[in-house]
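Asks: here is a sequence together with a model predicted from it:
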Amino acid sequence: MIYPKKFGINPLYPQAADFEVIYKDTLSGSGVITKRYFAQGDLLAMVAGEEMSEILQHTLQIAPDRHMYDPYFTGYFLHSCSPNVSLDMSKRTVTALCDIEAGSFLSMDYAETEDVLFKQFPCSCGSPNCRLWITGRKETATAPYVAALTSSAGLMATAQMTGEY
C-alpha cells in the first residue's frame, strides 16, 4: 500500500504493485504512473490524506474551506487539460476517464477540484484544448499570464486560445 498505516487499511487504497511516483522531467517534476492497464470508467483507487484548512502544493480541495494533504499519491497527479483520471473528492475516488495503458502518467484537470490553486502556472500539457494558463475554477489569471499575453508569444497563445491563427 502506498499510504502509511495511519490512514488505516483499505484494499481500495492505491497499491505499490499498481502505481509508482517517479520523476518525469524538469518542467513537470514527479508524477504517478500506473503499472497496469485501466479501462475507461474503472475505479483506480480510493484516496486519503490529512485534512487541513491551508492550501499546499499537494492538497486537494474537499470543501470550500477544507483540503486534503496527500503527499503519497494524488498530490503527484500531473495536470492536463485533457486528463485521463477524474477525482470525486466527496467519495474520495479516482476514476479512469479513458483507457489508461501501463506506464502512463496519471493526469487530472486541477480546476476539477480546486477553487484556488496553490500557484497558477503555464500549461505544457500539449492537448488540443489546452488552456495555456492554469488557474483554479474561481480564479482569474494573475499578472505573469497578463504579461505573457502582451508579448509576441502571448499573442500567439491568445490566437491559439481563440482559434485565430
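Replies: Sure, I can see it.
Asks: how near is residue 53 to residue 134?
Replies: As judged by Cβ to Cβ, to the nearest Å, residue 53 and residue 134 stand 23 Å apart. Bear in mind the C-beta positions are built from the backbone N, C-alpha and C, glycine included.
Asks: looking at these two, which is more packed in?
Replies: More neighbours surround residue 134 than the other of residue 53 and residue 134, with 24 against 9 (other Cβ atoms under 10 Å).
Asks: and that one, what are its bridge partners?
Replies: The partner list for residue 134 in beta bridges (DSSP bridges) reads residue 121.
Asks: hang on, it packs against residue 108?
Replies: No. The pair residue 134 / residue 108 is not scored as a contact, 11.3 Å apart, by Cβ atoms under 8 Å.
Asks: shared neighbours of those two, anything?
Replies: Common contact partners of residue 134 and residue 108 (Cβ atoms under 8 Å, 6 or more residues apart in numbering): residue 79.
Asks: have a look at this structure and report the helix or strand with the lowest mean pLDDT.
Replies: Here the helix or strand of the chain ranked lowest by mean pLDDT, DSSP states H and E is helix 152-162, holding a mean of 49.
Asks: residue boundaries of the helices in the chain?
Replies: Listed from the start of the chain, the chain has helices (DSSP state H) covering 143-150, 152-162.
Asks: mind checking how far stretch 42-51 is from the chain centre?
Replies: 13 Å (Cα atoms, centre = their mean, to the nearest Å).
Asks: buried residues in that stretch, which are they?
Replies: Of the residues in stretch 42-51, those scored as buried under the neighbour-count criterion (16 or more other Cβ atoms under 10 Å) are 44-49.
Asks: please apply the same query to stretch 96-115.
Replies: Under the neighbour-count criterion of 16+ other Cβ under 10 Å, stretch 96-115 has 96, 100, 104-114 buried.
Asks: thanks a lot, catch you later.
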